[in-house]
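Colleague: sequence and predicted structure are below.
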Amino acid sequence: MDSVSLARDLHLSKGSLYSVSTNRSSVFSITFRGPDKKADALMENRNGLVVGGGVTIASGTAEREAALDLIDKHHPVESKGGKRRITLGGDKGFDVAAFIEDLRGRKVTPHVAVQDRLTKTGKRRKTKIDGRTTRHPGYGVSQRCRKRIEEIFGWAKTQAGLSKTKFRGKRRVDASFTLALAAYNLIRLPRLLAEVPP
């Protein structure tokens, strides 16, 4: 079974981070120049390479919608139902009933952190993640791997200069972001090739 991750960065200049992964991959997002544009990327967790990405318009559900869109692009649903099941790891922000059901409908096992806490009114939050998912060792592995997306997020903001983009308009920001993702992959490749035994 392949693995996917989601994570969220709540502290960096209105940016949010999540990772979605197929074949152990992750997705993240950055908000550019206010809350109207957000970048999303899909990372393969086994080697840390980015396999997809783009800029979307930010909204209250944009992260989850972008995650589903990237999963659909990278791992499309086959008409005859022969698609291989993958997993999706994520933080508590993705423990939303509709999102979990959408994932299961796409043959994606949600390895999302359980949002099992008391609210301000003293009620326990309901979660769609149950023992069927959390009992497997792969659940813990997905929770650890999803945090690797922060490397890409941090690199894109510091080294690629995307903490404040120099462009306006979705198409230009998207082109800048795609170039940064390609550059990250090029920087990552020599490390991967050095790890391969002769």
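Modeller: Structure received.
Colleague: my guess is Gln143 meets His111, correct?
Modeller: Yes. Counting by CB atoms under 8 Å, Gln143 does reach His111; the two are 6.7 Å apart. C-beta here means a position set from N, CA and C on the backbone, and glycine is covered the same way.
Colleague: out of the two, which sits in the busier spot?
Modeller: His111 (28 against 18; other CB atoms under 10 Å).
Colleague: what sits closest to the more buried one if chain neighbours are left out?
Modeller: Distance criterion CB to CB, 6 or more residues apart in numbering; nearest residue to His111, sequence neighbours excluded, is Ser142 at 3.6 Å.
Colleague: my guess is the one you found contacts Thr87. True?
Modeller: Yes. Using CB under 8 Å, Ser142 makes contact with Thr87 at a distance of 5.6 Å.
Colleague: tell me which of those two has more neighbours.
Modeller: Comparing Ser142 with Thr87 by other CB under 10 Å, the one with more neighbours is Ser142, at 29 against 25.
Colleague: would you say that one is within a helix?
Modeller: Yes. Secondary structure of Ser142 (DSSP: H, G, I helix; E, B strand; the rest coil): part of a helix.
Colleague: any idea of the mean pLDDT in stretch 183-192?
Modeller: For stretch 183-192, mean pLDDT rounds to 92.
Colleague: quick one: buried residues of it?
Modeller: Under the neighbour-count criterion of 16 or more other CB atoms under 10 Å, stretch 183-192 has Tyr184, Asn185, Arg188 buried.
Colleague: what of stretch 161-179?
Modeller: Buried residues in stretch 161-179, defined by neighbour count with 16+ other CB under 10 Å: Leu162, Thr165, Val173, Asp174, Ser176, Phe177, Thr178.
Colleague: and if you look at stretch 89-109?
Modeller: So stretch 89-109, judged by 16+ other CB under 10 Å, has buried residues 89-96, 99-100, 102-103, 106, 108-109.
Colleague: do stretch 136-151 as well
Modeller: For stretch 136-151, a neighbour-count test (16+ other CB under 10 Å) marks Tyr139, Val141, Ser142, Gln143, Cys145, Arg146, Arg148, Ile149, Glu150 as buried.
Colleague: circling back: okay, and which of the buried residues of stretch 161-179 map to strands?
Modeller: Secondary structure assignment by DSSP state E places none of those in strands.
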